[in-house]
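Peer 1: Fold the following and give me the result.
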Amino acid sequence: MIIRKRFWLVVVSYLAVPLFPKLLAQLNLLTVQEAESLVEFVPDVRVARSGGRCPAFSVGFADDFRLVVQVRGACPDPESESTLISNYSVDLRTGVITEGDNSAPISTPEIRQRRTSLLKIAHSRSLSESEAACLVLATLKGEHSIRDTSSSLSVTQVGGADGQQLHFAGLHRLTDLHVIASGFYTVDLVTGRVRDDGSGVYVASDTQGLLLSKLQTLHFPLLLSTAQAIEIARHVPIIAERLGDGCVDAQSSGLGLSEEVYVGTLNHCNTGGRSVGALVSVNVRTGAVSDPKTMEDLSSSESRRVADALLRDMDVQLRGLQSEAESECARK
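Peer 2: Below you'll find the model as predicted:
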């Protein structure tokens with residue numbers, strides 16, 4: 001198999017990435033997948049899809065808040081000299097889409113409706129009060145070593161929310177010594193950063209970082225990885241029938257639509273390799289397989305079985321992660 005990583009900001013499967021993804025900079029921004037889903041509603045992209053050109057997205061970042069999405073046709077168009085459909089920019093704070101160097105927003109009723117829905121979801125991803133308190137507790141655990149049962153940690157919220165920040169008092173109590181060490185902390189609800197207000201320094205530790213990664217994971221849907229999409233596609237006849245001679249591998253660059261990964265084949269016995277690009281499209285949320293040109297369902301009974309098994313495993317791991325986070329946050 002040949003696998004190239006898709007530029008995901010959203011959370012990917014545990015089976016593809018050990019335990020947890022990298023920490024996200026800001027929870028209330030649109031993810032790459034959400035930004036791509038807006039681009040799908042751009043009129044030229046919709047025309048390309050309905051015309052069987054198999055639009056494929058390749059992304060990069062212009063800056064921390066602006067995603068650049070290049071859209072090309074993955075299925076050859078004999079009447080077109082270029083596969084390029086266009087280049088788009090999406091503001092991850094607002095969902096506004098522009099094309100190329102044009103600063104005028106692309107707006108249709110469908111784009112506006114989708115943008116409103118996605119921004120509402122993004123803004124709801126901020127950490128809760130209990131999650132913020134749990135991060136402070138994890139910070140205290142990183143700062144203090146609890147050696148016996150007479151030593152305890154506790155966290156209490158101080159005042160109400162200050163914009164996207166919450167304030168807490170943390171106590172380390174040594175009962176036998178009649179000693180209480182206290183400190184004040186501020187948690188940014190959209191980044192998960194914890195500041196020690198006594199020193200003004202943002203505190204980080206392995207304990208806190210692992211907990212934040214778990215909490216962030218729980219704020220996003222789990223999606224099938226590119227490797228898992230290939231595994232599902234291998235059980236569809238149009239792919240399976242090409243894999244029998246020992247020269248052909250199923251492959252994917254990870255390119256496709258916001259929730260679709262295109263899978264094709266590579267014949268590595270030919271000089272230079274002979275690649276066949278988008279034979280099937282795998283939905284990374286459901287595991288369904290379709291024809292990228294016609295969107296006709298191509299799922300087989302075996303591909304559905306494999307997809308269902310992968311999705312069940314992901315759900316089990318997600319519920320386990322939920323239990324771990326709840327257990328850690330209950331120890332206050």
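Peer 1: For residue 190, give me its contacts.
Peer 2: 26, 27, 28, 126, 127, 164 (CB atoms under 8 Å, 6 or more residues apart in numbering). (C-beta placed from N, C-alpha, C; glycine too.)
Peer 1: Assign a three-state SS to the fourth one, would you?
Peer 2: Three-state secondary structure (criterion: DSSP: H, G, I helix; E, B strand; the rest coil) places residue 126 in coil.
Peer 1: is it true that it touches residue 28?
Peer 2: Yes - with contact defined as CB atoms under 8 Å, residue 126 counts as touching residue 28 (5.7 Å).
Peer 1: Low-confidence ranges, this structure, go.
Peer 2: 1-24, 77-81, 144-151, 175-179, 271-274, 331-332 (pLDDT under 70).
Peer 1: Quick one: the strands in it, in order.
Peer 2: Assigned by DSSP state E, the chain shows strands spanning 2-3, 55-63, 66-73, 84-91, 97-99, 151-157, 165-174, 179-188, 194-196, 201-203, 248-252, 260-267, 274-283, 289-290.
Peer 1: Reformat the contacts of residue 190 as JSON lines; add neighbour count and distance to residue 155.
Peer 2: Listed next are the contacts of residue 190 as JSON lines, based on neighbours: other CB atoms under 10 Å; distance: CB to CB, whole Å:
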{"residue": "26", "neighbour count": "17", "distance to residue 155": "24"}
{"residue": "27", "neighbour count": "22", "distance to residue 155": "21"}
{"residue": "28", "neighbour count": "17", "distance to residue 155": "23"}
{"residue": "126", "neighbour count": "19", "distance to residue 155": "18"}
{"residue": "127", "neighbour count": "23", "distance to residue 155": "14"}
{"residue": "164", "neighbour count": "15", "distance to residue 155": "19"}
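Peer 1: Any chance of these in JSON lines with distance to residue 120 as columns?
Peer 2: Shown next, in JSON lines, are the contacts of residue 190 (distance: CB to CB, whole Å):
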{"residue": "26", "distance to residue 120": "16"}
{"residue": "27", "distance to residue 120": "14"}
{"residue": "28", "distance to residue 120": "11"}
{"residue": "126", "distance to residue 120": "12"}
{"residue": "127", "distance to residue 120": "17"}
{"residue": "164", "distance to residue 120": "16"}
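Peer 1: Which two of the residues you listed have the greatest separation?
Peer 2: Pairwise distances across the contacts of residue 190 peak at 11.5 Å for 26 and 127 (criterion: CB to CB).
Peer 1: Please parse this protein into its domains.
Peer 2: 28-123, 129-218, 226-316 (automatic domain parsing).
Peer 1: what's the span of the second one from first residue to last?
Peer 2: Put plainly, it is domain 129-218. Domain 129-218 has its terminal residues 15 Å apart, counting by CA to CA, to the nearest Å.
Peer 1: Equivalent analysis for stretch 45-61, please.
Peer 2: Counting by CA to CA: the opening and closing residues of stretch 45-61 are 20 Å apart.
Peer 1: try stretch 67-85
Peer 2: Taking CA to CA, stretch 67-85 runs 17 Å from one end to the other.
Peer 1: Run the chain-centre distance for that stretch.
Peer 2: Remark: stretch 67-85 is offset 25 Å from the chain centroid, using CA atoms, centre = their mean, to the nearest Å.
Peer 1: swap in stretch 238-252?
Peer 2: With CA atoms, centre = their mean, you get 29 Å for stretch 238-252.
Peer 1: how about that stretch: buried residues?
Peer 2: For stretch 238-252, the neighbour count (16 or more other CB atoms under 10 Å) marks 238, 239, 242, 248, 249, 250, 251, 252 as buried.
Peer 1: Now do that stretch: distance from first to last residue.
Peer 2: 15 Å.
Peer 1: swap in stretch 101-110?
Peer 2: Stretch 101-110: ends 23 Å apart by CA to CA.
Peer 1: tell me the contacts of residue 140?
Peer 2: So residue 140 contacts 153, 155, 170, 172 (CB under 8 Å, 6+ apart).
Peer 1: between the domains of the chain, which one is nearest to residue 324?
Peer 2: Taking CB to CB, domain 129-218 is the member of those nearest to residue 324, at 6.5 Å.
Peer 1: Using CSV, write out every CA atom in stretch 193-208.
Peer 2: Output in CSV follows, covering the C-alpha atoms of stretch 193-208 (Å, rounded to 0.1, in the frame of the first residue of the first chain):
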residue,chain,number,x,y,z
ARG,A,193,-3.9,26.8,28.1
VAL,A,194,-3.5,27.2,31.8
ARG,A,195,-1.8,30.3,33.3
ASP,A,196,-0.3,30.4,36.8
ASP,A,197,-1.5,33.9,37.8
GLY,A,198,1.2,34.2,40.5
SER,A,199,4.0,34.1,37.9
GLY,A,200,2.1,35.0,34.7
VAL,A,201,3.6,31.8,33.1
TYR,A,202,1.6,29.4,31.1
VAL,A,203,2.1,26.0,32.7
ALA,A,204,2.5,22.7,30.8
SER,A,205,3.2,19.2,31.9
ASP,A,206,2.9,15.6,30.6
THR,A,207,-0.1,15.0,32.8
GLN,A,208,-1.9,18.2,31.7
